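1. I would like to see how this sequence folds:
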Amino acid sequence: MLNKKALTERDICTKFITPALTAAGWDIQKQVREEWAFTDGRIIVRGHKHTRGQRKRADYVLFYKSTMVAIIEAKDNNHSVGHGMQQAKDYADILDIPFIYSSNGDAFLEHDKSVKEGIVEKELSLEEFPTPEALWQRYATFKNLSPQQQEVVKEENHKDETDLAPRYYQQIAINRTIEAVARGEKRTLLVMATGTGKTYTAFQIIWRLWKARTVKRVLYLADRNILVDQTKTGDFRPFGSDIMTKIQNRQVDKSYQIYFALYQGLTGNEEDKNIFKQFSPDFFDMVVVDECHRGSAKEESAWRDVLTYFDSAIHLGLTATPKETKDTSNITYFGEPVYTYSLKQGIDDGFLAPYKVVRISLNVDEGYRPEKGKIDKYGHEIEDRIYNTKDFDRNLVIDDRTKAAARKISEYLKLTDRMAKTIVFCVDTEHAERMRQALVNENSDMLQTYPKYVVRITGDDEIGKKELYNFSSVLEKEPVIATTSKLLTTGVDTKMVKLIVLEAGIQSMTEFKQIIGRGTRLREDDGKVYFSIMDFRQVTNLFADPDFDGDPVVIYEPGPDEPPVPPVKPDDKAGPDDKDDDDPITDPPFGPKKYYVNDVAVAVINERVQYYGADGKLITESLKNYSRNKILSEYTSMDDFLIKWNESERKEAIINELAEKGVLFEELQQEIGKDMDAFDLIVHIAFDRPPLTRKERAEEVKKRNYFEKYGSGAREVLQTLLEKYADEGISSLENNSVLTVKPLNQFGTPIEIVKRFGKKADFEKAINELEQELYRSA
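-> Numbers count the residues shown, from 1 in each chain. Model (predicted):
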């Protein structure tokens, strides 16, 4: 007789849960995702290296067409039927699933979120699990969908030859929008962080509504040519060229079904230029407003006229940053978002790149006052007052300040990666040009090989704008550095940007979030796993604003003689900076528009390091106290920690778990002792034990003559591994590739090295024993 208690969790799934689903009529291939890892695991930056945190993994997620309707958490038979319910409920909240199940192979415990009062949880036998149709009808009732509305929602996602499925949050956004449209809602808003696939999500929404014949003709609006072109040739490609067209040159062809247009291309100051009126008001069934924070919701905007004219259509707004000011309100126009996926969620899930912040303070930034009667380099007398970062490059230009910033940017790239794509955000187009010149002079050695190493990409520079595609391309090496004002703040898909420089006093939270979004896209295969922000204007103080939900890894302020690279070792919300890139720089009533000074010495000052925690908030206490509290929240005593450490086959897993919680090991090493092992950092900080360096631990092992029990060949390998530990730490012992790199590879191939110990199991045992010896004194 089968002993259920001896079966693993996987066995319970295979022998009991999956057959129960099959018997209930669920198609395991088409309707069930088993062991679905629906997040990628947060990226944890460790110096120049990175690792990933734990992925969220559901045992079963059940789909009806493209709608997630149920989740099942399985446990082995040594647990109760409902043991997995709490985890299942947590995942169901994330996945927006109403029907939740836990099972140990004996029965199912059902939790029904659609029940408002009465029995929410009940036990079902394996034979009583609901059929797909039964669960769908309960779902439809929960969502208030009539039979006719259900037919719209049942339309499935588009699938291409790669069989790529939307990520979980995209699927939620798609389904919620389609359900809202099916119920007759005319205005919907989706808020999704930059880099999370808003356009792909919009494509799936339109595809399903188009296939369901709920909409026949769609107008997709954006405010930049590159956004329209990226959308038409990228995510929307499955519609085909015979279905899609771009309205341009003020020419209208009414024979298509999917139309792309710039707001500016449809409207004008004169009535005859409002070419959107060549369409009848009911021509379009749906209008999609991309980057809707950029003005389409302004009451006084001409762009709003397009939405008003096509008022009978469904209006879908897409943005990463809904704008709420006295002039503009996305919420007022579109209503509350049907779904929000934030930057913090994207970073936590591992779909977006985390970032480091480097703050640079220059001596003149604290305030520069010209001596009385001072003349600028063009002969204008400079107004006698104190100038600060809000004035620099807007009212007063200090040449050496521009050069100092260019020097620090270039120094950073020279110390990290000379080919790292970089955007420098400047005050205006003229400042962007001066910054371009300064960066060219700082990187003249690169121009021989890469003549377009530095370019200006601004709205008034046609030559520069032509480089936008190359700068955004993953394949094109140059341009590397782009100076800009506003053109690159939003929408442009800059996948490989690794450094964002803030040389403009951004005060708008909306704009700040958009700028941060230029770097958040992940390209793990191409080496882009995090990015850095270099701040010359204290803009990153906005991280402490409650309206910001990002999650910086570290904020670093180098001193005068320190490199601008973080240590690798283990006022008002709206202001004058909200002007558009192409706004002309007008002269004030008296005097020149800007003063230019070329005889003021500029130097880097200050030395201060600040960190942001895993919750995205500024750490105000000391790094040591913060880390102690994080460690003690996991391990209440030294004994608790030592038991876990000794039981763990991979010590690196414990280190990564604490790093996920916000313990910054590399920064702690820099502050407390860079030669310390992570183990010693933990016990010293949290439990006040005297620490040993890695070399001291290695020496203790040598003194005990531990290696004498091995043959000469194996002893030689272990002694070399011990030296590698002393140099690099415990991760070097647990890294499978350690045998393929110097100095271990001098002993032969990995197979030849393992043979010195006998079998693979003997080699692994020797490594485990070496780790135990290292921490024996603890």
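
2. looking at this, residue 35 is in a strand?
-> Yes - when classified by DSSP: H, G, I helix; E, B strand; the rest coil, residue 35 is found to be part of a strand.

3. Tell me how many other residues crowd it.
-> 12 (other Cβ atoms under 10 Å). To be clear about C-beta, it is placed using only N, CA and C from the backbone, and glycine gets the same treatment.

4. I'd like to know how far it sits from residue 12.
-> Going from residue 35 to residue 12 by Cβ to Cβ, to the nearest Å gives 13 Å.

5. and if you look at residue 535?
-> Relative to residue 12, and taking Cβ to Cβ, residue 535 is found at 53 Å.

6. can you check residue 495 too?
-> Where residue 12 is concerned, residue 495 sits at a distance of 42 Å (Cβ to Cβ).

7. neighbour-wise, which of those two wins?
-> More neighbours surround residue 12 than the other of residue 495 and residue 12, with 22 against 16 (other Cβ under 10 Å).

8. Report the separation between that one and residue 107.
-> Going from residue 12 to residue 107 by Cβ to Cβ gives 12 Å.

9. what do you get for residue 386?
-> Counting by Cβ to Cβ, the gap from residue 386 to residue 107 is 75 Å.

10. Please say which of those two ends up with more neighbours.
-> residue 107 (20 against 10).

11. Check for me that residue 20 belongs to a helix.
-> Yes - the assignment for residue 20 by three-state DSSP puts it in a helix.

12. Next, count neighbours for the nearest residue to it once chain neighbours are set aside.
-> Closest residue to residue 20 apart from its sequence neighbours, by Cβ to Cβ, 6 or more residues apart in numbering: residue 126 at 4.3 Å. For residue 126, the neighbour count with other Cβ under 10 Å is 17.

13. which residues touch residue 126?
-> 16, 19, 20, 23, 106, 107, 108 (Cβ atoms under 8 Å, 6 or more residues apart in numbering).

14. Mind pulling up the pLDDT for it?
-> What the model reports as pLDDT for residue 126 is 97.

15. low-confidence ranges in the stretch 551-700 of the chain?
-> For the stretch 551-700 of the chain, the stretches flagged by pLDDT under 70 are 551-557, 559, 561-562, 564-591, 606-621.

16. Can you show me the strands along it?
-> 552-557, 595-597, 604-605, 608-610 (DSSP state E, counting those that start in this stretch).

17. Can you pull out the residues in contact with the third one?
-> Put plainly, it is strand 604-605. Identification of contacts with strand 604-605 by Cβ under 8 Å, 6+ apart yields 360, 361, 362, 363, 366, 404, 408, 558, 559, 560.

18. Rank these by pLDDT and give me only the lowest.
-> residue 559 (67).

19. where's the most centrally placed residue in the chain relative to residue 42, distance?
-> Centrality entry for the chain: nearest residue to the mean C-alpha point is residue 352, 2.0 Å, by Cα atoms, centre = their mean. In this structure, residue 352 and residue 42 are 10 Å apart, going by Cβ to Cβ.

20. what do you get for residue 595?
-> Using Cβ to Cβ, residue 595 is found at 47 Å from residue 42.

21. can you check residue 548 too?
-> Residue 548 sits 18 Å away from residue 42, going by Cβ to Cβ.

22. Contacts for the helix or strand where residue 724 lies, please.
-> For residue 724, the element it lies in under DSSP states H and E is helix 712-728. Outside of helix 712-728, the residues within contact range by Cβ under 8 Å, 6+ apart are 694-695, 697-698, 701-702, 707-708, 710, 732-733, 738, 743-744, 747, 753, 756-757, 766-767, 770, 774.

23. List buried residues within those residues.
-> The neighbour count (16 or more other Cβ atoms under 10 Å) marks 694, 697-698, 701, 707, 710, 732-733, 738, 744, 753, 756-757, 766-767, 770, 774 as buried among those.

24. still on that earlier bit, what sits against the residue nearest to the centre of the chain?
-> The neighbourhood of residue 352, defined by Cβ under 8 Å, 6+ apart, consists of 193, 195, 196, 343, 346, 520, 521, 522.

25. one step back: who wins for most neighbours among the contacts of residue 126?
-> Within those, most neighbours by other Cβ under 10 Å means residue 108, with 22 neighbours.

26. thought that residue was touching residue 99?
-> No - using Cβ atoms under 8 Å as the test, residue 108 is too far from residue 99 to be in contact (10.6 Å).

27. mind checking how far residue 284 is from residue 318?
-> In terms of Cβ to Cβ, residue 284 sits 16 Å off from residue 318.

28. Ok, residue 543 next?
-> Using Cβ to Cβ, residue 543 is found at 25 Å from residue 318.

29. which one of those two has more residues nearby?
-> Using other Cβ under 10 Å as the criterion, residue 543 and residue 318 rank with residue 318 on top: 25 against 22.

30. and that one, what are its phi and psi?
-> Backbone torsions for residue 318, taken as degrees, to the nearest 10, come to phi -120, psi 130.

31. That one bridge partners, please.
-> Counting by DSSP bridges, residue 318 is bridged to residue 190.

32. Surely it touches residue 287?
-> No - contact criterion Cβ under 8 Å: residue 318 and residue 287 do not qualify, at 11.4 Å.

33. hang on, residue 498 in a helix?
-> No - in this structure, residue 498 is strand, not part of a helix, as judged by three-state DSSP.

34. ok, for it, nearest residue in space, not its chain neighbours?
-> Leaving aside its sequence neighbours, residue 498 sits nearest to residue 420 (Cβ to Cβ, 6+ apart; 3.9 Å).

35. Any idea how many residues pack against that neighbour?
-> Neighbours of residue 420 under the rule other Cβ under 10 Å: 18.

36. same question, residue 311
-> Residues near residue 311, counting by other Cβ under 10 Å, number 11.

37. That one and residue 359: what is the separation?
-> To residue 359, residue 311 is 48 Å away according to Cβ to Cβ.

38. the bottom helix or strand of this structure by mean pLDDT?
-> Within the chain, no helix or strand scores below strand 608-610, which has a mean of 46 by mean pLDDT, DSSP states H and E.

39. which residues does the nearest residue to residue 521 once chain neighbours are set aside contact?
-> Distance criterion Cβ to Cβ, 6+ apart; nearest residue to residue 521, sequence neighbours excluded, is residue 195 at 4.1 Å. Residue 195 makes contact with 346, 351, 352, 353, 517, 520, 521, 522, according to Cβ under 8 Å, 6+ apart.

40. if we go to 7 Å?
-> Applying Cβ atoms under 7 Å, 6 or more residues apart in numbering to residue 195 gives the contacts 346, 352, 517, 520, 521.

41. Cross the residues you listed against helices and list the overlap.
-> When these are checked against helices (DSSP state H), the matches are residue 346.

42. What separation is there between the closest residue to residue 529 other than its chain neighbours and residue 494?
-> Distance criterion Cβ to Cβ, 6+ apart; nearest residue to residue 529, sequence neighbours excluded, is residue 50 at 4.7 Å. Residue 50 sits 20 Å away from residue 494, going by Cβ to Cβ.

43. In terms of neighbours, single out the busier of those two.
-> Counted by other Cβ under 10 Å, residue 50 and residue 494 do not tie: residue 494 has more neighbours, with 22 against 14.

44. can you list contacts of stretch 50-61?
-> 13, 32-44, 68, 71-74, 91, 95, 350, 529-530, 656, 660.

45. How far away from the center of its chain is that stretch?
-> Offset of stretch 50-61 from its chain centre (Cα atoms, centre = their mean, to the nearest Å): 16 Å.

46. Show me which positions of that stretch end up buried.
-> For stretch 50-61, by 16+ other Cβ under 10 Å, it's 51, 52, 53, 56, 58, 59, 60, 61.

47. I am finished for the moment; much appreciated.
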